[in-house]
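A.B. asks: I'll drop the sequence and a predicted model, then ask my questions.
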Amino acid sequence: MSGKNQLSFVEPSKSPFFYGYVVLLVGSIGVYCSIPGQTIGVSVFTDPVKDALGLSRNEFSNAYMIGTICSALVIGRAGIWFDRYGARWVAFFAAITLSFALLLCSVSVQMSESIKKLLGLDTWLIPFVVMTLLFFLLRFSGQGVLTMASRNMIMIWFDKNRGKVNAISSVAISFGFSSAPLWLNALIEDYSWEFAWQALACGLLVFALLVLQFYKNRPEDHGLVPDGILKKKDVETEIIPIANQYTLKEAQRTRAFWMYGLILAFNSFFITGLTFHVVSVFASEGFPKEDAISIFLPASVVAVTISMVFNFLSDYLQLKLYLYLMIFGGLMASVGFLFLSSAVGVPFLIGGFGIMSGFFAVLNAIVWPRFYGRTHLGAITGKIMSFLILASALAPPIFSFCLSTFGSYRLLGYLGLAFLLFLSLASVRATNPQ
């Protein structure tokens, strides 16, 4: 057994079909298993946990924000680990860390009380610090490392069919994520929030064992090539172009790195801020809570449709078109945000929300290996991931500050329009560096 396959009984070269499809399945499951570290997975626990810890909503939210920002500052190091050690070991230790963090979360009340007794202090700062540290572990290992390693592994195993497999993965993950709050809430209500986190921790330990067996770093490590095995005559007759393998520093010198990174970060900022404050945003324009919540289903339908169609087409079309379509979606959403109470406000907001989310699923996976190669993919996507996590962490407090300072959220709509117009002009020369 080769060193690349230690502790695994699965040998990709002996598979009766291209092993990349196994990678597609287990990698998608890996992204799905990151849910406990994602906002959608944490939000269900907010009310019962904050009440048990004696924290206010603002204190709990600030702990989440600080933990998220700290994870954004160090996620780039995980990208370097990915390039050095591969998806298999990085995903394995991420799953173990996430499981350990969930177990600690389930006993966070006991931890806080023990520290209070030890120090002889009865202050909200102790549970606040405890949850900040735990949120750092959750966000770093779940939203950051496990997601990055799983998605990058899929992209490495495919080249010409990268868009098609990303379409399958994105749609499956979208439906999986959308269902997560339902079964997580059922676990909490039927048992308890402590049991729910403990059950998730046990599930991640089982998944970590599956990672050791089925996660494989590169097809070349097993005598294969991306997309499948080439016959000998194909190797002799077909000239395969070798892509330039950019380092992170070289990638950062290209305009494309910043333009695509900024539009993805804008999506994270806008969508997170809107989702976090959606009831308040709509209430400020005279809408009831039911109308606010109702925007997510049609937006998800738009996003999944766009993701599926344009992922397939990405194998044949230039990604610069996608960049401008995503900017267009952002402009639509910003206009809808500004004129929410008008006839076009809600449709524009839903359409823009869905368009941005759909193209985010395409560009965040496809751009980096196509533009910069696979050798330093971890370092490059790790840096981009830090942008996204930082943007998502800053969004809720900035939205809240805008309302408390100016009495309205509309300033964010104007700032969004200005930023996107700048981005559309600056992206004219954001071409594929290959």
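C.D. replies: Yep, that arrived.

A.B. asks: now the helices for the stretch 101-250 of the chain?
C.D. replies: 108-119, 125-138, 147-157, 162-190, 193-214, 232-237, 248-252 (DSSP state H, counting those that start in this stretch).

A.B. asks: So for residue 357, which of those sits nearest?
C.D. replies: Closest approach to residue 357 among the helices of the stretch 101-250 of the chain is made by helix 162-190 (8.7 Å; CB to CB). (Each C-beta comes from the backbone N, C-alpha and C, glycine too.)

A.B. asks: tilt between that closest one and helix 147-157?
C.D. replies: Here the directions of helix 162-190 and helix 147-157 differ by 150 degrees (axes from the mean of the first three to the mean of the last three CA atoms, to 10 degrees).

A.B. asks: give me the element residue 7 is part of.
C.D. replies: Residue 7 belongs to no helix or strand when assigned by DSSP states H and E.

A.B. asks: ok, it to residue 363 distance?
C.D. replies: 35 Å (CB to CB, to the nearest Å).

A.B. asks: So between those two, which is more surrounded?
C.D. replies: residue 363 (22 against 10; other CB atoms under 10 Å).

A.B. asks: Counting neighbours, what do you get for residue 342?
C.D. replies: 13.

A.B. asks: Let me know the secondary structure of it.
C.D. replies: coil (DSSP: H, G, I helix; E, B strand; the rest coil).

A.B. asks: For it, give me its contacts.
C.D. replies: For residue 342, no contacting residues are found, by CB atoms under 8 Å, 6 or more residues apart in numbering.

A.B. asks: what does the model give it for pLDDT?
C.D. replies: pLDDT for residue 342: 88.

A.B. asks: Would you list the phi and psi of it?
C.D. replies: With angles defined as degrees, to the nearest 10, residue 342 sits at phi -90, psi 180.

A.B. asks: Find the nearest non-adjacent residue to residue 139, please.
C.D. replies: Sequence neighbours aside, residue 71 is the residue nearest to residue 139 in space, at 4.1 Å (criterion: CB to CB, 6 or more residues apart in numbering).

A.B. asks: Can you say which helix or strand has that neighbour in it?
C.D. replies: Using DSSP H and E, residue 71 falls in helix 57-106.

A.B. asks: One more: residue 334?
C.D. replies: helix 319-338.

A.B. asks: Now do that helix: which elements does it pack against?
C.D. replies: On a contact count with 3 or more CB pairs under 8 Å, 6 or more residues apart in numbering; DSSP states H and E, helix 319-338 meets helix 255-276, helix 345-372, helix 410-426.

A.B. asks: what comes up buried for the shortest one?
C.D. replies: Read that as helix 410-426. 410, 412, 413, 416, 417, 419, 420, 423, 424 (16 or more other CB atoms under 10 Å).

A.B. asks: Please state the offset of that helix from the chain centre?
C.D. replies: 23 Å (CA atoms, centre = their mean, to the nearest Å).

A.B. asks: List the contacts of that helix.
C.D. replies: With CB under 8 Å, 6+ apart, helix 410-426 has contacts from 255, 259, 262-263, 266, 270, 273, 324, 327, 330-331, 333-335, 337-338, 398-399, 402.

A.B. asks: I'd like to know how far residue 175 sits from residue 21.
C.D. replies: Taken as CB to CB, the span from residue 175 to residue 21 is 19 Å.
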